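Q: Curious how this folds, go ahead:
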Amino acid sequence: MNQDAPTSRRDYFEDRRDCARASNVEDLMNATKNGVLNSHNRRDDYEEGRDSARALNSENYEEGRDCTRASNAENIVNATKKADRTEEKRGHGKNKCKKLAKLKPGEKIKVTFYNNHALCTTFARHIGRIVRDPSITPVRVKKWTDITETSLKHIFVAVKDKFENMDENIEIDVYKNDIMEHARYLWNNWRGDLSRHYVKPTKNMQQAIKNCPNDFAQADWEWLVKEHFCSKEFIAKSKRNSRNRSHLSILHHSGSKPFRKVIYDNGGKDNNPPALDALFFMTHTKGDNFIDSESSSKHAQIQEQMFSDPSLSNAQLMDKCFPSKRQDHIIGYGGGVKARHL
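A: Numbers count the residues shown, from 1 in each chain. Reported below is the predicted structural model:
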């Protein structure tokens, strides 16, 4: 018994050791398996996260790219619309008269006159510049008739200095009265534009004075606002003219081209001007159609009057078709044409 005891104890401890080793090995193997599994799981999680991040980044990139493209396209459209609106507001731009600037000293532009009016766009533009030039046409006047004879003479000389009649046998002085009437018409239109664009949009006189045009001396503008645009006479006349314009029911559609130029280009040059019904059709249609029924009805009325009484003169025919109390021009021929011109 005594000899077997140590052996038994040694065996016991060896068994415990072997069990412990086996347990440690098993734990180690399990730990290794778990570690490998966890590593695989972490790698799978990492790869899955990476793929998700890539997909999300790709989706965000594409979405951002599409949004950027859409935004850029929208900005381009908005910029185009803004440019169109700016172009509409800008109108014809500043009147530079480049043809006149290129003239040599003493050189003049030849113009053709028809119905006592020049058929030249540059001619009209030059007059427009003259009536806006304070060194030639005075600003501090309420109406055209307040301009002195000296200033009126200066205006005509400024026109005559740059132009001459195409017909060398007729001096441009023959058309002086008609040229000055043209200047008066452009001057009145310009003053009306000043009121419409710089005075009417404001709430009171002080705001109108501050809203001075760029090419205007402040002192001259202040005088014009106080003494003219805000006067009772001008306000009453402006309201009356607005009412009269609102009654116009038949409007021409020939644009900025004067009626006399339409007549000249369609037979007037060869002393064979178009009949009134043909002239009305050319100046009141777009394409081959009347814009409104009133213009079509009036055209039919002109043709009926011409057929019923061929002996009527052009002035008499227009008086029958367009009754008016005004005697200063013939209706249907555009501005500035009077009975003596026909």
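Q: Assign a three-state SS to D215, would you?
A: On the three-state scheme (DSSP: H, G, I helix; E, B strand; the rest coil), D215 is labelled coil.
Q: Isn't A275 up against M306?
A: Yes - A275 is within contact range of M306, at 7.0 Å (criterion: CB atoms under 8 Å). The C-beta positions use only the backbone N, C-alpha and C, and glycine is treated the same way.
Q: residues touching S195, list them.
A: Shown in contact with S195 (CB atoms under 8 Å, 6 or more residues apart in numbering): 229, 234, 238.
Q: pLDDT score for the second one?
A: F234 carries a pLDDT score of 93 in this model.
Q: now the first one
A: In the prediction, the pLDDT value recorded for F229 is 95.
Q: Could you measure from it over to F290?
A: 38 Å (CB to CB, to the nearest Å).
Q: In PyMOL, select just the buried ones from the contacts of S195.
A: Entered in PyMOL, the line below selects the buried ones among those, by 16 or more other CB atoms under 10 Å:
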select buried, resi 229+234+238
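Q: Okay, and which of the contacts of S195 map to helices?
A: Residues of those located in helices (DSSP state H): 234, 238.
Q: Need the contacts of S195 in a markdown table (columns: distance to I130).
A: Shown next, in a markdown table, are these (distance: CB to CB, whole Å):
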| residue | distance to I130 |
| --- | --- |
| F229 | 22 |
| F234 | 23 |
| S238 | 25 |
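Q: Just to check, L224 is in contact with L194?
A: Yes - assessed by CB under 8 Å, L224 is found in contact with L194 at 7.5 Å.
Q: ok, the two, which is more surrounded?
A: Legend: neighbour count by other CB atoms under 10 Å for L224 and L194, higher for L224 (24 against 19).
Q: Helices along this structure, start to end?
A: Here the chain has its helices, by DSSP H, at 4-90, 98-101, 121-132, 149-160, 176-194, 205-210, 218-224, 232-246, 259-265, 276-283, 293-308, 314-321.
Q: Would you mind listing the buried residues in the fifth one?
A: Of the residues in helix 176-194, those buried by neighbour count under the rule 16+ other CB under 10 Å are 178-187, 191, 194.
Q: Repeat that for stretch 279-288.
A: Here stretch 279-288 shows 279-285 as buried, counting by 16+ other CB under 10 Å.
Q: Over to the closest residue to S231 other than its chain neighbours: give its phi and psi.
A: In this structure, S231 finds its nearest non-sequential neighbour in K142, 7.6 Å apart by CB to CB, 6 or more residues apart in numbering. Dihedral pair for K142: phi -90, psi -30, per degrees, to the nearest 10.
Q: Can I get stretch 160-168 as CSV, trimmed to CA atoms?
A: Extracted in CSV, the C-alpha atoms of stretch 160-168 (Å, rounded to 0.1, in the frame of the first residue of the first chain):
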residue,chain,number,x,y,z
LYS,A,160,-27.7,120.3,-92.9
ASP,A,161,-24.1,120.0,-92.0
LYS,A,162,-24.2,116.2,-92.4
PHE,A,163,-26.7,115.6,-95.2
GLU,A,164,-27.6,116.7,-98.7
ASN,A,165,-30.4,115.9,-101.1
MET,A,166,-29.8,113.1,-103.5
ASP,A,167,-31.3,115.3,-106.2
GLU,A,168,-28.6,117.9,-106.8
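Q: hmm, back to that, what about the residue nearest to S231, neighbour count?
A: Neighbours of K142 (other CB under 10 Å): 14.
Q: What of C230?
A: C230, neighbours per other CB under 10 Å, totals 16.
Q: nearest residue to it other than its sequence neighbours?
A: M205 (5.1 Å).
Q: which residues does V225 contact?
A: Per CB under 8 Å, 6+ apart, neighbours of V225: 199, 205, 208-209.
Q: Apply 10 Å and report the result again.
A: Contact analysis of V225 by CB atoms under 10 Å, 6 or more residues apart in numbering lists 194-195, 198-199, 202, 205-212, 231.
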